[in-house]
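Student: What follows is a predicted protein model with its sequence.
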Amino acid sequence: MTTQEPMQPVLEPDAVPTSPATVLPTRSRTPLAPQVRRTTKRMSRNDIYMLLGAGASSLATTMLLFGRLTPLSGGLGFIVVGFGIFLATYAVLVSLTEDRPAVVDKVMSVLLASAAVVAFCALFSVIIFTLWRGRSALMHSNFYAQDLSRTGPLDPLSMGGITHAIVGTLLMTTLALIITVPLGVACSVFLNETHGKTAALVRTVVTAMTALPSILAGLFIFATWILILGFERSGLAASIAMSIMMLPIIIRSADVVLRLVPGNLREASSALGASQWRTVWHVVLPTARSGLTTAVILGVARGVGETAPVLLTAGFTSTMNLDPTKGPMVSLPLAAFELVRSPQPTQIARGFATAAVLMVLVLVLFTLARVMGGRPAGRLSKRQTRKAAERSKGDSQRIGDRRPSAAQHTPVPSTLEAST
Amino acid sequence: MLDTTTLPDLGETAAPDGGPAPRPLKARRNRGDRIFFGGVTLSGLVVLSIMVAVGLFLAIQASQALRSTGLSFLTTSEWQPDRGKFGIASVLLGTVLIALVAVSIALPISMATALFITEVAPTWLRSSLVALVDLMAAVPSVVYGLWGLFLLEGQLIPVSRWVNTFFGWLPFFKVVGADPNSPLSSASVYTASAFIAGVVVAMMVMPIQCVVMREVFSQVPVGEREGAFALGSTRWGMVRVVSIPFGRGGIIGGTMLGLGRALGETIAVLLIISPRFDINFHVLEAGGNSVSSLIALRYSEASGFGLSALMAAGLALFAVTLVVNFTASWFVARSRSGAGSEA
């Protein structure tokens, strides 16, 4: 009612109607009901009760359906039927108090959340299953300290291990890094610092090469390096194949990182008179350091886990081989792949344990990448900030030491006076 | 007089033909710069030549096999290069079937996960969910392969059986040799199928798609988002009319990127599938093939000509993934999220 009142101005009976004036609405005598603050929280207590109720009801109904009322069976079927009943019950519960769009909203939210739960459950099941199946081999310390040269498929798990594969992976990855890091970073600098037709062409070709199936990188090296040039299968051949696969990945992500370096930093450096290579070396690359590290680590994580190129180029061995140029060498994924193809349960357990070691290695690399790449370009870590502060302190001291002598050599005010 | 700034007198010293000659903007590079540019250009050219060499070499090697078979390479389904009868009809079909199964399973899950992370999940949970998705992309494919072979296959055979029993009348889900009415029928007709391989590959494809989609959904302009809320929309309503149309390019692009990855997957497929060389549309039926697992199986026993045939198959696969990837990046670049829009 109060909002209606200004429409008909309340005038005093004996007031002369002059010009239209602003009239304040009269307040109603009765006090308004105290306003309830609306919750902006995403989940109210009522929502949680509804979810719990729908869950309990669906669980009970499904248990009743399975085995009692209908001849349904199976774990996966139980989950699917239970989920369907849960959704229906939840929709009915929500529709008791809400209108249709709200019901759709709630049901869709539950659907989205459950898809995410399915995805993450699958991930955890992969991790836990691998660790679980490999646990019997992972328990033995000899697994990390011996190779398989004197261990047959029937030998117990207290003999033999995968040192040769660990060493092989480390050697191959190091070699691949020696090839890809300088080449990849230099190439991404090339893509970012020159803007000609060549750079555009290189960028297109590199983008195309990210589509190269990894087995083709292996097949290429197998056909050229091993069949045509006549080298034997070796760790070196495998690391070249890995490099061909990793290069496009590293270049692409380093290119993106370098493009994120703020332009005003480059311009400031140029304005201070630095030449372009000094700008790149002292400004662009240090600024993008954490991003570049991430790019390399992600490339390595991809390369370490890749089996197909190594399968074609490295050969398979069960003995330790420290020379990447001669003789077959085995990597962790390849060892896992070959071991699980054996029918012996001990070999399968070794295969799973190898996969678990590989997975842990990749997880460590990945965590490193997250820790280093968590910061945007130019933001320094605590240690870097401290170092920069020390450097700048040193600089100011150096300048302070030189100032008296510098003042003697260039008496600035006097020259100014002389010129005018 | 000391503290006034005097401007240089430009009027009198200007060139007689109407103004000062334009300053050359091209800087002369000093020696350090020339060495530096020489170096990076060299590395760019080295990368270019390596990549072109891979492509050219594959093409040249493959041409020997392609010349001998001609167009029948695309239609033959056998693989006996030493007898001169080989073609990629069945392997390419198998590859595409596995990839399609993978993408059709991964697409709803990855899109829902991406939407969950950007729209539904509480803020404190978001960064860890993002890290988990990235982690999923980093798990080596051989680990997924082992998981699929030893855990998933047993779980999926009842699913295959169920689908075949109730949807077996669809040509896609038919299984030759399976009798849905007999409860004692062997499960072996359902093992090592394109469906099971596809589910495992879906696990690898899902995070790739999810990363791209999440990136796009997180760029939805706040103004449009809040506009939808201000007009009284629910959260799902906002997602339906704002987020999904905005991210359409990213959804399509991410899906295709995942498809490209699924087409090239080797080890997981090699572990799971049992190879067969006939045209087989039945995804639930035992056996299948893919180009990359064919290469991994046959490279060692191949003669020179057989290797050339394998390269031709690899080249065909590369051509397909190349088209798929370029289409994907075209879609991503063309989407609205690529261009800056008001926040």
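Tutor: Looks like it came in fine.
Student: When you work out contacts or count neighbours from here on, use the C-alpha atoms and nothing else.
Tutor: OK.
Student: From the chain's centroid, how far away is the helix or strand hosting B:G306?
Tutor: According to DSSP states H and E, B:G306 maps onto helix B:304-334. Remark: helix B:304-334 is offset 11 Å from the chain centroid, using Cα atoms, centre = their mean, to the nearest Å.
Student: Name the residues of it that are buried.
Tutor: B:305-318, B:320-322, B:324-329, B:331-332 (16 or more other Cα atoms under 10 Å in any protein chain shown).
Student: Enumerate the residues of the stretch 151-300 of chain A near chain B.
Tutor: Proximity of the stretch 151-300 of chain A to chain B (Cα under 8 Å from any Cα of the partner chain) is limited to residues A:183, A:186-191, A:199, A:202, A:205-206, A:208-209, A:211-217, A:219-220, A:244, A:275-277, A:298.
Student: Could you tell me which of the residues you listed are located in helices?
Tutor: Counted as lying in helices by DSSP state H, out of these, are A:183, A:186-191, A:199, A:202, A:205-206, A:208-209, A:214-217, A:219-220, A:244, A:276-277, A:298.
Student: check contacts around the residue nearest the centre of chain A.
Tutor: For chain A, the residue nearest the mean C-alpha position is A:R370 (6.7 Å; Cα atoms, centre = their mean). The contact partners of A:R370, by Cα atoms under 8 Å, 6 or more residues apart in numbering or on different chains, come to A:T294.
Student: pLDDT wise, what is it at?
Tutor: Per-residue pLDDT puts A:R370 at 74.
Student: Please apply the same query to B:E342.
Tutor: On the pLDDT scale, B:E342 gets 31.
Student: Might you list the low-confidence residue ranges for the stretch 51-200 of chain A?
Tutor: A:71-73 (pLDDT under 70).
Student: pLDDT below threshold where in the stretch 301-420 of chain A?
Tutor: In the stretch 301-420 of chain A, residues with pLDDT under 70: A:373-380, A:404-420.
Student: Let's see that with 50 instead.
Tutor: Within the stretch 301-420 of chain A, the stretches with pLDDT under 50 are A:407, A:411-420.
Student: Find the closest residue to chain B in it.
Tutor: Closest residue of the stretch 301-420 of chain A to chain B, Cα to the nearest Cα: A:G305 (4.4 Å).
Student: B:M256 against B:V324, yeah?
Tutor: Yes - applying Cα atoms under 8 Å, one finds B:M256 in contact with B:V324, separated by 6.1 Å.
Student: on that earlier part again, what is the neighbour count of the residue of the stretch 301-420 of chain A closest to chain B?
Tutor: 24 (other Cα atoms under 10 Å in any protein chain shown).
Student: Just to check, it is in contact with B:P140?
Tutor: Yes - here A:G305 reaches B:P140: they are 4.4 Å apart, a contact under Cα under 8 Å.
Student: what sits in contact with each of those two?
Tutor: A:P333, A:L358, A:V362.
Student: most neighbours, which of the residues you listed?
Tutor: A:P333 (31 neighbours).
Student: Now that one: closest residue in space, sequence neighbours ignored.
Tutor: Of all residues not flanking A:P333 in the chain, A:T307 sits nearest, at 5.5 Å (Cα to Cα, 6 or more residues apart in numbering or on different chains).
Student: And for the one you found, the neighbour number?
Tutor: 26.
Student: How about the contacts made by it?
Tutor: Applying Cα under 8 Å, 6+ apart, we find A:T307 in contact with A:P333, A:L334, B:S141, B:V142, B:I267.
Student: Which two among those are spaced furthest apart?
Tutor: Spatial extent of these (Cα to Cα) is set by the pair A:L334 and B:S141 at 11.1 Å.
Student: Check which helices and strands the helix holding B:G306 sits against.
Tutor: Packed against helix B:304-334 by the contact rule (3 or more Cα pairs under 8 Å, 6 or more residues apart in numbering or on different chains; DSSP states H and E) you find helix A:197-209, helix B:31-69, helix B:248-264, helix B:291-298.
Student: Could you tell me the angle between it and helix A:214-221?
Tutor: Between the axis of helix B:304-334 and that of helix A:214-221 there is an angle of 140 degrees, by axes from the mean of the first three to the mean of the last three Cα atoms, to 10 degrees.
Student: pLDDT of helix B:304-334, averaged?
Tutor: On average, helix B:304-334 scores 86.
Student: Kindly indicate whether A:H195 is helix, strand or coil.
Tutor: Classification of A:H195 by DSSP: H, G, I helix; E, B strand; the rest coil places it in coil.
Student: Now for it, how many residues are close by?
Tutor: Neighbours of A:H195 using other Cα under 10 Å come to 10.
Student: May I have the phi/psi pair for it?
Tutor: Main-chain dihedrals, A:H195, degrees, to the nearest 10: phi -120, psi 40.
Student: Before I go, just wanted to say thanks for your time.
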